[in-house]
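**Q** Output the structure for:
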Amino acid sequence: MEQNEVLYEYKMGSEVFRFEAPSHEEAEMSRSYALLHFAEKLGTLFSEEALQGPDLAEIPTGFILEKSP
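**A** Predicted coordinates for the structure are as follows:
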């Protein structure tokens, strides 16, 4: 049985890292990817303590989920 993936997000200030995960537990495992993303994007403004999430993200209007083969 295939699980539907849900859109989650981590936030740091005004920056957002969105990704798909099948469960909240799986989303929590993506924390390291979010930290890498924010460290690269924010440089000296990066602060691990400022990380918020993972939270369910609203799916933007017109969003099309592309399934990998």
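
**Q** Hmm, residue 57 is touching residue 18, no?
**A** Yes. With contact defined as C-beta atoms under 8 Å, residue 57 and residue 18 form a contacting pair (5.3 Å). In this view, the C-beta of every residue, glycine as well, is placed from N, C-alpha and C.

**Q** and the two? which has more neighbours close in?
**A** A direct count of neighbours by other C-beta atoms under 10 Å for residue 57 and residue 18 places residue 57 higher, at 20 against 17.

**Q** Longest helix of this protein, counting residues only.
**A** Using DSSP state H to define each element, the chain has its longest helix at helix 31-42.

**Q** In terms of secondary structure, what does it contact?
**A** Using 3 or more C-beta pairs under 8 Å, 6 or more residues apart in numbering; DSSP states H and E, the elements in contact with helix 31-42 are strand 6-12, strand 15-21, strand 52-56.

**Q** Can you work out which residues contact both of residue 57 and residue 18?
**A** Residues touching both residue 57 and residue 18 (C-beta atoms under 8 Å, 6 or more residues apart in numbering): 7-9.

**Q** For residue 49, state which of the residues you listed is nearest.
**A** Nearest to residue 49 among the shared contacts of residue 57 and residue 18, counting by C-beta to C-beta, is residue 9 at 17.9 Å.
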